[in-house]
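Peer 1: sequence? don't have it. structure:
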């Protein structure tokens, strides 16, 4: 992501989630990037925190540093999150009004609904689990789900590059309309689901699904889950430099 | 456990942890007992609770029922926990003063210390993690560790049948002595570690251990981790019927 934004003329700071790549013990042990994330996610929770909190805290320190750089315009700071990176994007977006635009490069769905319907055991008898410990935020579901957090970003410009469940995307559109900012949200589905006349857009999602069946219900073409630079970079340029 | 207590003349109610055996979806899918525990442990945390809370809640309902049975003497109720069953034992013990005695059939150690020193990655590059989600209680480590909970059971009779780290067992002895109940706590190590003259009893435990190395540091003979009926049943009979 950072490379493509930089090539378009923007200052880009690339941030890893904690425990991944350069922020893991990778160098110490010469091992694969994410080997320790589950463990310290659990320990963070026992210690009264959680992985998302640590991730957002870390990025907030970097943002504080960024805002003080002479080569960065603090009135034109955006967050661009891919996949798991969308979670700190939402948390920081809620907490930091200095963030002026958001590139959300993942599909949108309600995690609580996903957890409710993903109940089909695998052939090995194991029930699928929506992404485990690094995604666990104690008590979050008592209050809201991720589409609610996204909706709270209105009226700041937001692009969603991989669609998701139309019902949940409609919630976001409605939030932006309520804030008089219907033109500030841009939604692109995966190409496979971009045509509304053929997209199923289920109203009810039944229990008993496995992961791949869930993806079909929420318009996700999972093999094509990657940073949509052709959509995201021009959009962000347009927001800041139009 | 229940079988051996019943054979000795006591009323015994066998309780599973949630999501295990008859309290899992075992019958529905004809699968192995514990297949779903990790998943719903995570969801419980997101929903503002945790597995230990659910387990202790479930057992508390059973205890309420037990206390109302004419064939149960509510002044002579004990908890006997094996392995993971020791966690609800401690939680219920703290919450319910009607529990008059405790059989703790596991080794005693500080989980926080365990998490701190278990840092050696496996050959596959994976760092060991102290028992995962079903053991995770948000914020617990900010307040205390399991030896502290056990110490708070003093002066009610307590037997520990599989020893553990001598330093942590000494904490328990001290708690019982402070309460004037030094004779109410009984400690048995694994036979392999029962002789103090050959038991290493490390004062310092270094970082960088794997699971088996940790067991050696805390006097655990893991292949012999099972219910010590020859010690536990006569002890409990002695407490209630001496």
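Peer 2: Happy to help now that I have it. Remember, predicted model here, so these are calculated numbers, not experimental data.
Peer 1: Now for the residue most central in space within chain A: which residues touch it?
Peer 2: Among the residues of chain A, residue A:86 comes closest to the average C-alpha position under C-alpha atoms, centre = their mean, at 2.0 Å. Applying C-beta atoms under 8 Å, 6 or more residues apart in numbering or on different chains to residue A:86 gives the contacts A:104, A:105, A:106. The way it works is simple: take the backbone N, C-alpha and C, and place the C-beta from them, glycine included.
Peer 1: same thing but 6 Å
Peer 2: A:104, A:106 (C-beta atoms under 6 Å, 6 or more residues apart in numbering or on different chains).
Peer 1: Next, work out how far apart it and residue A:111 are.
Peer 2: The gap separating residue A:86 from residue A:111 is 12 Å, by C-beta to C-beta, to the nearest Å.
Peer 1: likewise residue A:199?
Peer 2: 21 Å.
Peer 1: Among those two, which residue is more densely surrounded?
Peer 2: residue A:111 (18 against 15; other C-beta atoms under 10 Å in any protein chain shown).
Peer 1: Model confidence for that one, exactly?
Peer 2: pLDDT for residue A:111: 93.
Peer 1: Which helix runs longest in chain A?
Peer 2: helix A:51-67 (DSSP state H).
Peer 1: can you tell me if that helix touches chain B.
Peer 2: No: Helix A:51-67 does not reach chain B (C-beta under 6 Å from any C-beta of the partner chain); its nearest approach is 11.1 Å.
Peer 1: Each with direction, which strands does the helix or strand immediately after that helix in the chain pair with?
Peer 2: Using DSSP states H and E, the helix or strand that follows helix A:51-67 in sequence is strand A:77-82. In the sheet, strand A:77-82 lines up against strand A:99-105 (parallel) (DSSP bridges).
Peer 1: what's the spacing between the strand it pairs with and its chain's center?
Peer 2: Offset of strand A:99-105 from its chain centre (C-alpha atoms, centre = their mean, to the nearest Å): 10 Å.
Peer 1: Taking helix A:51-67 as reference, get the angle to that strand.
Peer 2: Strand A:99-105 and helix A:51-67 are oriented at 130 degrees to each other (axes from the mean of the first three to the mean of the last three C-alpha atoms, to 10 degrees).
Peer 1: My guess is residue A:2 contacts residue A:11. True?
Peer 2: No: using C-beta atoms under 6 Å, residue A:2 is not in contact with residue A:11, being 9.4 Å away.
Peer 1: name the element residue A:45 belongs to?
Peer 2: Per DSSP H and E: helix A:37-46 holds residue A:45.
Peer 1: which outside residues touch that helix?
Peer 2: A:19, A:50-51, A:133-134, B:115, B:127, B:129, B:132, B:136, B:138, B:140-141.
Peer 1: Could you rerun that using 7 Å?
Peer 2: Residues outside helix A:37-46 that contact it (C-beta atoms under 7 Å, 6 or more residues apart in numbering or on different chains) are A:19-20, A:50-51, A:54, A:132-134, A:136, A:138, B:45, B:115, B:127, B:129, B:132-133, B:136-138, B:140-141.
Peer 1: hang on, the earlier thing: so the residue nearest to the centre of chain A is in which element?
Peer 2: helix A:86-95.
Peer 1: Can you give me the buried ones in that helix?
Peer 2: With burial defined by 16 or more other C-beta atoms under 10 Å in any protein chain shown, the residues of helix A:86-95 counted as buried are A:86, A:87, A:88, A:89, A:90, A:91, A:92, A:93.
Peer 1: quick check: angle from the helix holding residue A:45 to helix B:37-46?
Peer 2: Using the same axes, to 10 degrees, helix A:37-46 lies at 40 degrees relative to helix B:37-46.
Peer 1: where exactly do the helices run in chain A?
Peer 2: Under DSSP H, chain A gives helices at A:2-7, A:26-29, A:37-46, A:51-67, A:86-95, A:111-117, A:140-143, A:146-151, A:166-178, A:211-217, A:229-241.
Peer 1: In the last one, which residues are buried?
Peer 2: Residues of helix A:229-241 classed as buried under the neighbour-count rule (16+ other C-beta under 10 Å) are A:229, A:231, A:232, A:233, A:235, A:236, A:239, A:240.
Peer 1: where does chain A dip in pLDDT?
Peer 2: For chain A, residues meeting the criterion pLDDT under 70 lie at A:25-36, A:124-127, A:131.
Peer 1: please redo it, this time with the cut-off set to 80
Peer 2: By pLDDT under 80, the low-scoring segments of chain A are A:20-39, A:121-132.
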